[in-house]
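> Need coordinates for the following:
(one chain, ligands or ions: 1)
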Amino acid sequence: MKPKTSIEGLAVYQPGKNPEDVMEELGLKHIIKLSSNENPYGCSSQVFTALQDMKDQFHLYPDGASLKLKEKLAEHLEVDSRRLIVGNGSDEIIQMVCRAYLEPGAEAVIADLSFSRYETGIQIEGATPIKVPLKEGTHDLEAMLQAITDQTRIVFVCNPNNPTGTIVRESELSAFLDQIPEHVLVVLDEAYYEYVMDSSYPDSISLLDYNPQILILRTFSKIYGLASLRVGYGITHPEVIESLERVREPFNVNALGQAAAIAALEDQSFVTYCRYQNRRGIEKITNKLEELGLKYFPAHGNFIFFDTGIPAEEAFQFLLHRGLIIRAGFGETVLRATVGKEDENQQLVEALEALIKSKR
Ligand code: PMP
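Residues are numbered from 1 along each chain as shown. Okay, here's the model as predicted:
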């Protein structure tokens, strides 16, 4: 048996620690998971009703084309439904775009640090990831342009960027898109789109009209709180949709996910509530980081990336023993924490304060 060469040496994705395992391991009664950028408020209660209504349909295959969901999204986003593709999470659309556009010899430009699934998707296809370091925590679009060659097929721009939380502004993005050669597709990953409150953030859908080479990715896993149901979507040009449809699994999005996403879209007040609560959480946490003299990047998503000056694994373990799971593994002394509910954020800032004081 010999698997394909491109997957040799590929690391298996490591999600954040499982709360139950941590509780058992450390003998803790309660654990707060702030490691996967999930919505601490769950999802809209309208989703529960929609899922109840599905209970006599478990034996049927789902609508493979996710037609009703696409219609709902088209109405919500004010785009033609022929410009939409739905995936088993936006993770699957990242995989589809790599499958459809990459092959050995091809290159794809990514930022370093950014969401790890781009690099994995590129490698699986036997293509070459070209990594461009971030500049002050955000994409260095100039350098990314310079990195484009005749072999480049895709450029990934994560906006807000996971894990740093920074954004690329509309003016920067437009200037960048104007210079993108015709043979390159720009994937704009907007998984945290709904959380952004900065007015300079691009209205990427309006950019689609002038730029036939953009694929926008969004998800129901974050602010809509449906991470377990796995629904993401892409907005792009019909020509790109056609290529993605060729590599899509026939029944990629399950029926419960589709029904839940439709119900979730109908409850925009839940989204607004979460967006404001998240902003308050960011203010609380960043105020404490400032008080403690710790560096952080402007947080535009539902997570904060900061530097404790303490080896990341040590800081991670300190917080873990206080019942908080956050995320390390991004660099020597940096950590990423998801914004939680008010009491969870309170526990996070108290633990951070204790961590820093333990070292002074
Ligand atoms: N893009 C980014 C930037 C993410 O952070 C995530 C989730 N961590 C995803 C895509 C994938 O999300 P999902 O597959 O749940 O839609």
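> near the ligand, which residues of the protein show up?
37, 89-91, 115, 158, 162, 189, 191, 219, 221, 227, 232 (Cβ under 6 Å from any ligand atom). Glycine gets a C-beta too; all of them are placed from N, C-alpha and C.
> Kindly recompute the last result at 8 Å.
Applying Cβ under 8 Å from any ligand atom, we find that the chain lies next to the ligand at 36-37, 87-92, 94, 114-115, 117, 158, 160-162, 189, 191-192, 217, 219-222, 227, 230-232, 301.
> Any idea how many residues pack against the nearest residue to Tyr273 once chain neighbours are set aside?
Leaving out its chain neighbours, the residue that sits closest to Tyr273 by Cβ to Cβ, 6 or more residues apart in numbering is Tyr41, at 7.3 Å. By other Cβ atoms under 10 Å, the residues close to Tyr41 number 15.
> on that earlier part again, can you tell me which of the residues of the chain next to the ligand end up in helices?
90-92, 94, 117 (DSSP state H).
> what pLDDT does Pro212 get?
You'll see Pro212 listed with a pLDDT of 88.
> By mean pLDDT, flag the weakest helix or strand of the chain.
Scoring the helices and strands of the chain by mean pLDDT, DSSP states H and E places helix 19-26 at the bottom, with a mean of 87.
> Can you give me the buried ones in it?
19, 22 (16 or more other Cβ atoms under 10 Å).
> and that helix, how far out from the chain's middle?
26 Å (Cα atoms, centre = their mean, to the nearest Å).
> tell me the strands in the protein, going along the chain?
Using DSSP state E, the strands of the chain run over 32-33, 84-87, 107-112, 128-133, 152-158, 185-189, 214-219, 232-235, 295-296, 303-307, 324-325, 334-338.
> The second one pairs with which strands, and in what direction?
Pointing back at strand 84-87 there. Strand 84-87 pairs in its sheet with strand 232-235 (antiparallel), by DSSP bridges.
> how about the CA coordinates for the partner strand, as CSV?
The C-alpha trace of strand 232-235 is given here as CSV (Å, rounded to 0.1, in the frame of the first residue of the first chain):
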residue,chain,number,x,y,z
GLY,A,232,-20.4,27.0,5.0
TYR,A,233,-20.9,28.8,1.7
GLY,A,234,-19.1,30.5,-1.1
ILE,A,235,-20.1,33.5,-3.2
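> what does that strand contact?
The contact list for strand 232-235 (Cβ atoms under 8 Å, 6 or more residues apart in numbering) reads 69-70, 73, 77, 79, 83-93, 97, 191, 205, 208, 215-221, 241, 244.
> do the same with stretch 286-304
Taking Cβ under 8 Å, 6+ apart as the rule, stretch 286-304 contacts 37, 39, 136-138, 160, 162-167, 191-192, 195-198, 201, 222-223, 278, 282, 285, 305-309, 336-339, 349, 352-353, 356.
> which residue ranges form the helices in the stretch 201-350 of the chain?
204-208, 238-247, 255-266, 268-291, 312-321, 342-359 (DSSP state H, counting those that start in this stretch).
> Need the winner for burial among those.
helix 255-266 (a mean of 22; mean count of other Cβ atoms under 10 Å).
> tell me the contacts of Leu355?
308, 310, 315, 318-319.
> which two from these end up farthest apart in space?
Ile310 and Leu319 (10.6 Å; Cβ to Cβ).
> what sits against the residue of the stretch 1-150 of the chain found nearest the ligand?
The minimum distance from the stretch 1-150 of the chain to the ligand, using Cβ to the nearest ligand atom, falls at Gly89 (2.5 Å). When contacts are counted by Cβ under 8 Å, 6+ apart, Gly89 touches 219, 221, 227, 230-232.
> Please pick the buried ones from those residues.
For the contacts of Gly89, buried by 16+ other Cβ under 10 Å: 219, 221, 227, 230-232.
> Could you work out the most separated pair of those?
Ala227 and Gly232 (10.2 Å).
> which neighbours do those two share?
Common neighbours of Ala227 and Gly232 (Cβ under 8 Å, 6+ apart) are 89, 221.
> Could I have the ChimeraX command that selects the buried members from the contacts of stretch 286-304?
Here is the ChimeraX selection string for the buried members of the contacts of stretch 286-304, based on 16+ other Cβ under 10 Å:
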select :37,39,137,138,160,162,163,164,165,166,167,191,192,195,196,201,222,223,278,282,285,305,306,307,308,336,337,338,339,349,352,356
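> How about the contacts made by the spatially closest residue to Gln179 that is not a sequence neighbour?
Nearest-residue entry for Gln179: Leu145, 5.6 Å, with adjacent residues in sequence omitted and distances by Cβ to Cβ, 6+ apart. Leu145 makes contact with 176, 179-180, according to Cβ under 8 Å, 6+ apart.
> Kindly recompute the last result at 10 Å.
For Leu145, the contacting residues are 109, 132, 155, 175-176, 179-181, 184, by Cβ atoms under 10 Å, 6 or more residues apart in numbering.
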